[in-house]
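In: model the structure of this input:
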Amino acid sequence: MVDSLNLVFSFLYQFGDAFAFLVLSACGLAVIFGMMGVINLAHGEFIMCGAYVSTRAAHAGVPMPLAILLGAACAGIAGMIVELLVIRRLYQRPLDTIVATWGISMIVTQGMLILLGPSMQGVGTPFGSFVVGGYSYSVYRIILMLSAVATLAVLWLMFTRTRFGLLSRATIQVPHVAEALGVNTNLVYSVTFGLGAALAGLAGGLYAPTMTLVPTMGASFMVEAFVTVVVGGADIFLGTAPAALILAVIKAGLTSWQGQLAGQIGLLIAVIIVIRILPRGISGKILRERG
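Out: This next block holds a predicted model:
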């Protein structure tokens, strides 16, 4: 009985860890790619920006929670600059956004490698660990799970209960009507893109204590982020959150059974099946049935 409970706890822990990683890595991409339709291959570099800035701030004596928020803010500002200088001219040319953001990704990665070297000293995982059934579990991973839920809650409030959320959804869905009604659509696009970049930076800051900090670290987030957004569809709440739940069960189950590689393969197989059955993702299916 005790062994069974330990196995259940281990699975739930792995599920929560996978869910947190999928949600936090995908939320920023869900805003930029899912909502705005910009195929952002520089998503990993915004994650890296948040991780590097938060780590530098922590080394300078800034409390870790504030350092993480500072990393998210810097990534958001960088995102707004990229939107202003590059993306703004490409909203009706989605294929060109692939080339542009891929180029930005290469420039930033190599630039960081030249300026800061191949790696940065980390800060270590805080809060220690606890033991259940002879196995050790990180307390910080529990905090990451709670952070993922909190992030979804804040985004839901922001997009459904604030004027910014109303203007953002209106501008993205019917920009010509929003502009005719006096909305500064360029500012809304810029702030929304910056929000997506800030969410990516938040993911980087939160996961910085758990990872080796290298200029290419964002690549480890990219597959999970794109898989989650593609499976979920354009809507963050009807798509990304349910997709993260489903994919977390798949990843946790296969990882427990056959290891990390099996979990990654399971995610890729899942996205292939979903694209075949639900071309617009989970949220597209839900919204079509509602309509």
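In: list the contacts of the residue nearest to Thr55 when sequence neighbours are not counted.
Out: Leaving out its chain neighbours, the residue that sits closest to Thr55 by C-beta to C-beta, 6 or more residues apart in numbering is Ala208, at 5.1 Å. Yep, even glycine has a C-beta here, placed from its N, CA and C like the rest. Taking C-beta atoms under 8 Å, 6 or more residues apart in numbering as the contact definition, Ala208 lies against 50-52, 54-55, 68, 71, 122-123.
In: would you say Ala208 is within a helix?
Out: Yes - assessed by DSSP: H, G, I helix; E, B strand; the rest coil, Ala208 belongs to a helix.
In: show me where the stretch 1-150 of the chain has helices.
Out: 2-29, 43-59, 64-85, 94-116, 139-161 (DSSP state H, counting those that start in this stretch).
In: comparing those, which yields the minimum mean pLDDT?
Out: For the helices of the stretch 1-150 of the chain, mean pLDDT drops lowest on helix 2-29, to a mean of 88.
In: and the angle from that helix to helix 43-59?
Out: Helix 2-29 and helix 43-59 are oriented at 110 degrees to each other (axes from the mean of the first three to the mean of the last three C-alpha atoms, to 10 degrees).
In: helix 2-29 - contacts with which helices or strands?
Out: helix 43-59, strand 129-132, strand 135-138, helix 139-161, helix 185-207, helix 219-232, helix 241-258 (3 or more C-beta pairs under 8 Å, 6 or more residues apart in numbering; DSSP states H and E).
In: try 7 Å this time
Out: The contact analysis (3 or more C-beta pairs under 7 Å, 6 or more residues apart in numbering; DSSP states H and E) places helix 2-29 against helix 43-59, helix 139-161, helix 185-207, helix 219-232, helix 241-258.
In: low-confidence ranges in the stretch 151-291 of the chain?
Out: Applying pLDDT under 70 to the stretch 151-291 of the chain flags the ranges 287, 289-291.
In: one more time with 50, if that's ok
Out: Scanning the stretch 151-291 of the chain for pLDDT under 50 picks out nothing.
In: how much space between the residue nearest to Thr55 and Phe15?
Out: According to C-beta to C-beta, to the nearest Å, Ala208 and Phe15 sit 23 Å apart.
In: and what of Val229?
Out: 20 Å.
In: looking at those two, which is more packed in?
Out: Ranked by neighbour count (other C-beta atoms under 10 Å), Val229 and Phe15 place Val229 first, with 30 against 20.
In: still on that earlier bit, quick one: which of the contacts of Ala208 has the most company?
Out: Gly50 (35 neighbours).
In: test my guess that that one contacts Ala72.
Out: Yes - here Gly50 reaches Ala72: they are 5.5 Å apart, a contact under C-beta atoms under 7 Å.
In: return every residue with contacts to both of the two.
Out: Residues touching both Gly50 and Ala72 by C-beta atoms under 7 Å, 6 or more residues apart in numbering: 201-202, 205.
In: quick check, nearest of these to Lys285?
Out: Minimum distance to Lys285 across the shared contacts of Gly50 and Ala72 is 28.7 Å, recorded for Leu202 (C-beta to C-beta).
In: surely the closest one meets Ala72?
Out: Yes - counting by C-beta under 7 Å, Ala72 is a contact partner of Leu202 at 4.0 Å.
In: please enumerate the shared neighbours of these two.
Out: Common neighbours of Leu202 and Ala72 (criterion: C-beta under 7 Å, 6+ apart): Gly50.
In: what packs against the helix or strand containing Ala178?
Out: In this structure, Ala178 is located in helix 175-180 according to DSSP states H and E. In this structure, helix 175-180 packs against helix 185-207, with contacts taken as 3+ C-beta pairs under 7 Å, 6+ apart.
In: angle of the helix it packs on against helix 139-161?
Out: If you take the same axes, to 10 degrees, helix 185-207 sits at 160 degrees to helix 139-161.
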